[in-house]
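Colleague: Quick one, fold the following:
(one chain, ligands or ions: 2)
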Amino acid sequence: MEKTLVILKPSCVQKALIGEVISRFEKKGLQLIGMKMMQLDDDILNVHYAHLKDEPFFDCLKQSMKATPVVVQCWQGYDAALVVRKMIGVTNGREAEAGTVRGDYSLSSQQNIVHASDSTASAEEELKRFFKKEEIFDYNQTNAPFLYSKEELL
Ligand code: UDP
Ligand code: MG
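Modeller: Ligands and ions are numbered 1, 2, ... in the order given. Modelled structure (predicted):
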């Protein structure tokens, strides 16, 4: 089972969509194994968005991520990173498919409601950035036999 990081951004918090977005992942069958509210700062954002440091929108992006506390989550499931990325849609909310989180709730390439890790490898790194070991929980998902085939559960 893979784990992935989701951050409900200030645009999600201010549009009162926290419950809505969590509900989508829950209904899909993903298992929530970590969640907390936190205030991001430059130290963590400089690392988290290091791949964008030379972009003209970098400072603006950091401001937008510091505007309110965010909600960070760890979701678990088969191919969790892939599944969540499909569910959130492409970066720009104006281009994201209807039915995705960004396609349904964002009109912006920056105020796009959620962050999600783009691969299992980056999820591993990002989860360490936002969670202490003891903040990620290991518990039985009792409906797993109805979410996955026997082969998938092996
Ligand atoms: N971003 C932006 N302007 C752009 C592209 C990206 O402000 O033209 C912001 C946006 O909030 C995005 C974040 O930078 O979610 C990270 O960019 P990335 O390319 O990693 O997109 P994501 O993985 O979030 O889809
Ligand atoms: Mg990204």
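
Colleague: How many residues are close by Leu8?
Modeller: For Leu8, the neighbour count with other Cβ atoms under 10 Å is 24. To be clear about C-beta, it is placed using only N, CA and C from the backbone, and glycine gets the same treatment.

Colleague: Spatially nearest residue to it (excluding sequence neighbours)?
Modeller: Using Cβ to Cβ, 6 or more residues apart in numbering and skipping residues adjacent in sequence, the residue nearest Leu8 is Val71, 4.0 Å away.

Colleague: May I have the phi/psi pair for that neighbour?
Modeller: Backbone torsions for Val71, taken as degrees, to the nearest 10, come to phi -110, psi 120.

Colleague: ok, it to Asn140 distance?
Modeller: From Val71 across to Asn140, the span is 24 Å (Cβ to Cβ, to the nearest Å).

Colleague: hmm, back to that, and the residue nearest to Leu8, what is it in contact with?
Modeller: Contact partners of Val71, counting by Cβ atoms under 8 Å, 6 or more residues apart in numbering, are 7-8, 12-13, 18, 35-37.

Colleague: of those residues, closest to ligand 1?
Modeller: Among these, Ile7 lies closest to ligand 1 (Cβ to the nearest ligand atom), at 9.3 Å.

Colleague: quick check, the strand or helix carrying Asp43 touching ligand 1?
Modeller: Assessed by DSSP states H and E, Asp43 sits inside helix 42-48. No: counting by Cβ under 6 Å from any ligand atom, ligand 1 is not contacted by helix 42-48; separation bottoms out at 8.9 Å.

Colleague: Quick check: what element follows that helix along the chain?
Modeller: helix 58-66.

Colleague: Counting by contacts, list what that following helix packs against.
Modeller: On a contact count with 3 or more Cβ pairs under 8 Å, 6 or more residues apart in numbering; DSSP states H and E, helix 58-66 meets helix 10-14, helix 42-48.

Colleague: Just the CA coordinates for the following helix or strand past the first one, please, in PDB.
Modeller: Right, the one you point to is helix 10-14. As assigned by DSSP H and E, the chain's next helix or strand after helix 10-14 is helix 18-28. Extracted C-alpha coordinates of helix 18-28, given in PDB (Å, rounded to 0.1, in the frame of the first residue of the first chain):
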ATOM      1  CA  ILE A  18     -12.000  21.200   3.700                       C
ATOM      2  CA  GLY A  19     -14.800  18.700   4.300                       C
ATOM      3  CA  GLU A  20     -15.800  18.400   0.600                       C
ATOM      4  CA  VAL A  21     -12.300  17.500  -0.500                       C
ATOM      5  CA  ILE A  22     -11.700  15.100   2.400                       C
ATOM      6  CA  SER A  23     -15.100  13.500   1.600                       C
ATOM      7  CA  ARG A  24     -14.000  12.800  -2.000                       C
ATOM      8  CA  PHE A  25     -10.900  10.900  -1.000                       C
ATOM      9  CA  GLU A  26     -12.900   9.000   1.700                       C
ATOM     10  CA  LYS A  27     -15.600   8.000  -0.700                       C
ATOM     11  CA  LYS A  28     -13.000   6.800  -3.200                       C
END
